[in-house]
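>>> Give me a model of this one.
(chains A and B)
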Amino acid sequence: MNDLTYAFDLSHLWQVTGGQLILILAGLVLICADMAMMKTDEEVRSKRLGWLTVIIFGLTASHMMSREWDLHNTVFMGIFSADKFSIFVSIVMVISGLLAALMSIGYLQNNKVTKGEYYILLVYAVAGAVGLVQSVDLLMMFITLEVMSLAIYALAAFLKNDQYSQEGALKYFLLGSFGSAIFLFGVALIYGLTGTINITKIAQALSGGLYNNPGVLLAFVMLMAGLFFKMAMVPFHMWTPDVYEGSPSVVTGFMATAVKAAAFGVFIKLLFVSFSPILSQSGQPDFSSTVNLAALGAYWKPVVWWTALLTMFFGNLIAVSQQNVKRMLAYSSIAHAGYMALGILAANGEGRMGILFYLFAYTLMNIGAFGVVYVIDGKERNAQTLDDYRGLGYKYPALGFLMGLFLVAMAGLPPTAGFIAKFYVFSAAIKEGYFLLAALGVLTSVIGAYYYLRVIYMMYMKEEIRDVVRGQVAAPTVIALVITALGVLYLGILPERLATIANMAQQSLAMIF
Amino acid sequence: MAGVNEYIVLSCILFGLGTIGFLTRRNALILFMSVELMLNSINLMLVSFSATRADMGGQVMVLFIFAVAAAEVAVGLAILICLFKHVRSVDINKFNVLKW
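Just a heads-up that it's a prediction; the model follows:
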């Protein structure tokens, strides 16, 4: 912000933020395409736009993989950076958007809401999320956070005639904007105290003696709280179940994965780049002196310890009592945030690698599960309770098998991606000596297995009590479900390749700029 | 004449009022206004910091925050109107079809 000596260079902009630019321009193209096809039948138009969106996400992902991945920490004007870490998280989010777009084609048809703006909002939500993890500037983080969130609020409210969808969206909006305001307060404090909002310059300012300033610690807490909202960590999780239940199923799958990935990505970046001076002076908090503000920084580990524990316990315990499958998956997503927080607490390379792997695996299994939920649902809120799942395994063998696979993966059983992901984060925590927390985490994941497997029990062991007729299964949904299922199995059996890539990504964070 | 510190204290007080308003009021529109108050108190803080540091960055940030706040209200009010059509109320206690 201070030195505007950078020359604006379009080719450099394209080099660093090519993926983002593709998404932003493609959003405009989609708007025009929607207009140009005004005379076509609405359903056909929505279908074409859907396929166009899939192509856009495919192009973006391949651009990021082939071009941006090899850029070593290039920064554009102190705003965006192309480092392997943010590119990895971006690719996860683009894939999440791609799978969501594939499923949306069928979903919108089943629910008779074939409106073109859906895909435009989806593209901009992903563009915002990609901008969020790529930004190295707190103001840009706030703006892109809002771009992402605003698009997702609108997506959550997409079922206009459905009171649940509207109510969930309003709750999300109110709490989301409250969370963003808290985040922004942290940004303002950091700006006032350090005079910069660039994440690396903040680190320099903090290591220059500001690290024990109470204002900096307040700002640190505020930034963390703002992101905890988006990550759905206890105690900032209140909106999650309502919003996930109310939103259209495919949107729920998308926001459970892409928003979480974006928030975790930017959280790790802030924590390990900007606030590394605070982290490095950890150790035991000193209680002997009356007011020792310098020791406050040492509290971040206990805070994350308790947050992770509460998140895991709360998510898993309350999920047990849920009768609605979507709501149950919402609580399970809170629990998953808790497992990922173990990787943050470990604060070592293995933990960060574990989180990246976890985000990828979680994206596949969660979007897959919500895809099956929407197909069984037919029309939103038609068949979402556990009783509706009775006997489905025999009635619809393929859907039953897929749901079973995704739930087994979420429960963390081998040979699925969920097991490997959990293994990485737990082993990272154990390596740093968090035996108790890891043991409690495994305990909560046993509780988790109960309610995941209960759905499978309902599907295969119980007689049907209500005639549930699944909705139409569109071809793109089949493609998406097959991709997610194969991905979950592939990562469960041969995780080394992704683990190596994730490790490269997290290493690039350590040598950032 | 008030110094910069007073402005910063004032903006912190406004932020606190916004937070309290958000947490205690039950009218969705008042909640919107509370969030706006929080954002504007941050704007005041940024401008005061910008003045202390003789750096224009803070004031530029304020312009961006204005734009974001306007976009936020546009989306929020649209959602509220859609919900109002179902509930016929802006009392958040009446938005209770989703609960555990």
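
>>> can you tell if the lengthiest helix in chain B touches chain A?
In chain B, taking DSSP state H as the definition, the longest helix is helix B:57-87. Yes - using Cβ under 8 Å from any Cβ of the partner chain, we find that helix B:57-87 touches chain A at B:57-58, B:60-61, B:64-65, B:68, B:71-72, B:75-76, B:78-80, B:82-83, B:86-87. Bear in mind the C-beta positions are built from the backbone N, C-alpha and C, glycine included.

>>> what packs against that helix?
helix A:138-156, helix A:163-194, helix B:28-53 (3 or more Cβ pairs under 8 Å, 6 or more residues apart in numbering or on different chains; DSSP states H and E).

>>> Between helix B:28-53 and that helix, find me the angle.
180 degrees (axes from the mean of the first three to the mean of the last three Cα atoms, to 10 degrees).

>>> what separates helix B:57-87 from the chain centre, distance-wise?
Offset of helix B:57-87 from its chain centre (Cα atoms, centre = their mean, to the nearest Å): 9 Å.

>>> Could you check it and say which residues are buried?
Across helix B:57-87, burial judged by 16 or more other Cβ atoms under 10 Å in any protein chain shown covers B:57-58, B:61-62, B:65, B:68-69, B:72-73, B:75-76, B:79-80, B:82-83, B:86-87.

>>> State the mean pLDDT of that helix.
Confidence for helix B:57-87, expressed as mean pLDDT, is 93.

>>> likewise stretch A:325-332?
94.

>>> Contacts for that stretch, please.
A:240-241, A:243-245, A:249, A:252, A:256, A:315-316, A:318-319, A:322, A:366, A:369-370, A:373, A:384-386, A:388-389, A:410, A:448, A:451-452, A:455, B:100 (Cβ atoms under 8 Å, 6 or more residues apart in numbering or on different chains).

>>> Could the C-alpha coordinates of that stretch be exported in CSV?
Only the C-alpha atoms of stretch A:325-332 are listed here, as CSV (Å, rounded to 0.1, in the frame of the first residue of the first chain):
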residue,chain,number,x,y,z
VAL,A,325,-29.5,-36.0,6.8
LYS,A,326,-28.5,-32.6,5.5
ARG,A,327,-28.4,-31.2,9.0
MET,A,328,-26.4,-34.2,10.2
LEU,A,329,-23.9,-33.5,7.4
ALA,A,330,-23.8,-29.9,8.5
TYR,A,331,-22.7,-30.9,12.0
SER,A,332,-20.3,-33.3,10.5
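
>>> and the contacts of stretch A:325-332, which are buried?
Buried, going by 16+ other Cβ under 10 Å: A:240-241, A:243-245, A:249, A:252, A:256, A:315-316, A:318-319, A:322, A:366, A:369-370, A:373, A:384-386, A:388-389, A:410, A:448, A:451-452, A:455, out of those.

>>> Those: which ones sit near chain B?
Okay, of those touching chain B (Cβ under 8 Å from any Cβ), that's A:P241, A:E245, A:I318, A:Q322.

>>> Near chain B, which residues of the stretch 301-450 of chain A are found?
So the stretch 301-450 of chain A meets chain B at A:I318, A:S321, A:Q322, A:R327 (Cβ under 8 Å from any Cβ).

>>> wait, A:A169 sits on A:Y244?
No - using Cβ atoms under 8 Å, A:A169 is not in contact with A:Y244, being 11.6 Å away.

>>> Share the number of residues neighbouring A:P415, please.
14 (other Cβ atoms under 10 Å in any protein chain shown).
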